[in-house]
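Student: Please find the sequence and the predicted model below.
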Amino acid sequence: QVASPVPQGPNKWHEQFPIAKGQRQSPIDIVTSNAKVDKALSDNPLKVSYSNNCCQSVTNTGASFQVVVDGAGTEISGGPLDSTYKLVQFHAHWGPLGGDEGSEHTVDGVTYPAELHLVHWNQKYKDVGEAVDKPDGLAVIGVFFSRGKEHAGFKPISDLFAKVPRKADKVDISFNYDPACLLPARRDYWTYLGSLTTPPLFESVTWIVMKDPVEVSAEQLAALRNLLWETPSGEGQMCNNYRPPQPLQGRLVRST
Ligand SMILES: NS(=O)(=O)c1ccc2o/c(=N\O)[nH]c2c1
Ligand SMILES: [Zn+2]
């Protein structure tokens, strides 16, 4: 039978998704000296109000893990956002075992071993499907993972990866879980207008990248590799599912 085509790498995405060479693509390298402190961001602080029973399940999407969230009561607003956005899912991107690359955004060229994305959609639209390709449709909070002590809050999730080894595998989350525990204590961030970092690469994301990483253990980073995916030589450990930084194209990065 015909093998399903192994997904093309980031440097080929432009062939099927020309927007890959667009004017507001993500991720980017955040050059901290060029970021502009905007008082308006602190005057109207980013408000994150998640409920602690919003997480429904973890699934293997074939490109990452994805915690599916019932958007009820999981809202963010303020900061760079002109309306209320609801959490729909969170996932991550990571590198090779034990390596230091894996994050999508970089800070003055520095990479982290992984990057968490909390994906929210603008409540002015009727559903995430309508929001996903609108210029103000999505807001994604990015959190860098650094290697260090175990993250107690991430453990209930990282322990589930072994249960969803293959694409479309899914396990229900039967416990109460508040994703806000994944945010760093200090809520400072950079923000800029960008895109989805995987196809279809829609330029619909207001990015909010937290300045401080959160520490997770080497074992928790290794648990990400319990997720498997298709490689040119057959099934393998999921890793290096990150897009490298894209041209800034003159965009302004603001900072709290
Ligand atoms: N990696 S990312 O930019 O957070 C992101 C968020 C939501 C997404 O939905 C997607 N396809 O429907 N790709 C995608 C990437
Ligand atoms: Zn992502």
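Tutor: Received it, and whenever you're ready, just let me know what you need. Numbering: from 1, shown residues only. Ligands and ions are numbered 1, 2, ... in the order given.

Student: confidence score at the most centrally placed residue in the chain?
Tutor: In the chain, the residue lying closest to the centroid (CA atoms, centre = their mean) is H117, at 1.9 Å. For H117, the model assigns a pLDDT of 98.

Student: For the nearest residue to it once chain neighbours are set aside, give its distance to ligand 1.
Tutor: In space, and not counting its chain neighbours, H117 is closest to V140: 5.2 Å by CB to CB, 6 or more residues apart in numbering. (Glycine included, C-beta is placed from N, CA and C.) V140 sits 4 Å away from ligand 1, taking CB to the nearest ligand atom, to the nearest Å as the criterion.

Student: Is V140 in a helix, a strand, or coil?
Tutor: With DSSP: H, G, I helix; E, B strand; the rest coil as the basis, V140 sits in strand.

Student: Is it in contact with I208, as I believe?
Tutor: Yes - counting by CB atoms under 8 Å, V140 touches I208, with 7.1 Å between them.

Student: Compare neighbour counts for the two and give me the winner.
Tutor: I208 (26 against 22; other CB atoms under 10 Å).

Student: buried ones in the helix or strand containing that one?
Tutor: For I208, the host element (DSSP states H and E) is strand 205-210. By neighbour count on 16 or more other CB atoms under 10 Å, the buried set for strand 205-210 is V205, T206, W207, I208, V209, M210.

Student: Now the element after it, going C-ward?
Tutor: Next element after strand 205-210 (DSSP H and E): strand 214-216.

Student: can you list contacts of that following strand?
Tutor: Residues outside strand 214-216 that contact it (CB atoms under 8 Å, 6 or more residues apart in numbering): 114, 143-151, 154, 158, 182-184.

Student: and after that strand, which helix or strand comes next?
Tutor: Counting by DSSP H and E, what follows strand 214-216 is helix 218-223.

Student: Contact partners for S255?
Tutor: Counting by CB under 8 Å, 6+ apart, S255 makes contact with T32, A35, K36, V37, D38, L41, D188, Y189, W190, T191, K211.

Student: one more time with 10 Å
Tutor: 30, 32, 34-38, 41-42, 188-192, 209, 211 (CB atoms under 10 Å, 6 or more residues apart in numbering).

Student: Show me which of the contacts of strand 214-216 is closest to F65.
Tutor: F65 has its nearest neighbour among the contacts of strand 214-216 in S158, at 8.9 Å by CB to CB.

Student: I'd assumed F202 was in contact with V140.
Tutor: No - in this structure, V140 is not within contact of F202 by CB atoms under 10 Å, at 11.7 Å.

Student: what does the stretch 101-250 of the chain put close to ligand 1?
Tutor: With CB under 6 Å from any ligand atom as the criterion, the stretch 101-250 of the chain meets ligand 1 at residues H117, V119, V140, L196, T197, T198, V205.

Student: And the third one, how close does it get to S158?
Tutor: Right, the one you point to is V140. Applying CB to CB, to the nearest Å, the value for V140 to S158 is 20 Å.

Student: What residue, apart from its backbone neighbours, is nearest L224 spatially?
Tutor: L224's closest residue in space is W94 (CB to CB, 6+ apart), at 5.1 Å.

Student: and that neighbour, how many neighbours does it have?
Tutor: Neighbours of W94 under the rule other CB under 10 Å: 26.
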